[in-house]
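**Student:** here's my sequence, what's the structure:
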Amino acid sequence: MARRVPSPRLRLALLVVGACALGSLGSALGGCQRALFPSDLPRNQFETYDRMRKRYVPLEEPDVFGTPQPALRARLGQQQ
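**Tutor:** Okay, here's the model as predicted:
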């Protein structure tokens, strides 16, 4: 029995699908190596200004269960 040879169109389609799958896998594995915005750097110029003048208010505070929650009362309350 003779072996069937795939058509050139099928071969091209398989090559394109394989290249797309390999590209997707490569970008998923090696795409994000470091954080775009590190947590130890200031988020904006106002945070830097407040830190220099010792008026920094943290972004989050733990609730009664220890889960971090936004520190809205501290950030929106009266500033001294």
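**Student:** stretch 39-54: how far from the chain's middle?
**Tutor:** 22 Å (Cα atoms, centre = their mean, to the nearest Å).
**Student:** for that stretch, what is the average pLDDT?
**Tutor:** When pLDDT is averaged over stretch 39-54, the result is 84.
**Student:** tell me where this structure has helices.
**Tutor:** Assigned by DSSP state H, the chain shows helices spanning 8-30, 45-52, 72-76.
**Student:** out of these, which gets nearest to Leu36?
**Tutor:** Taking Cβ to Cβ, helix 8-30 is the member of the helices of the chain nearest to Leu36, at 15.3 Å. For every residue, glycine as well, the C-beta is placed using N, CA and C.
**Student:** in PDB, list the C-alpha atoms belonging to the closest one.
**Tutor:** What follows is helix 8-30, C-alpha atoms only, in PDB (Å, rounded to 0.1, in the frame of the first residue of the first chain):
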ATOM      1  CA  PRO A   8       1.000  21.500   0.000                       C
ATOM      2  CA  ARG A   9      -1.900  23.500   1.400                       C
ATOM      3  CA  LEU A  10      -2.300  21.100   4.400                       C
ATOM      4  CA  ARG A  11       1.400  21.200   5.000                       C
ATOM      5  CA  LEU A  12       1.400  25.000   5.000                       C
ATOM      6  CA  ALA A  13      -1.600  25.200   7.300                       C
ATOM      7  CA  LEU A  14       0.100  22.800   9.800                       C
ATOM      8  CA  LEU A  15       3.300  24.900   9.600                       C
ATOM      9  CA  VAL A  16       1.400  28.100  10.400                       C
ATOM     10  CA  VAL A  17      -0.600  26.500  13.300                       C
ATOM     11  CA  GLY A  18       2.600  25.000  14.700                       C
ATOM     12  CA  ALA A  19       4.400  28.400  14.500                       C
ATOM     13  CA  CYS A  20       1.500  30.200  16.200                       C
ATOM     14  CA  ALA A  21       1.300  27.600  19.000                       C
ATOM     15  CA  LEU A  22       5.100  27.800  19.500                       C
ATOM     16  CA  GLY A  23       5.000  31.600  19.600                       C
ATOM     17  CA  SER A  24       2.100  31.700  22.000                       C
ATOM     18  CA  LEU A  25       3.900  29.200  24.300                       C
ATOM     19  CA  GLY A  26       7.100  31.100  24.200                       C
ATOM     20  CA  SER A  27       5.500  34.400  25.000                       C
ATOM     21  CA  ALA A  28       3.500  32.900  27.800                       C
ATOM     22  CA  LEU A  29       6.500  31.300  29.400                       C
ATOM     23  CA  GLY A  30       9.000  34.100  29.000                       C
END
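**Student:** with that, I have no additional questions.
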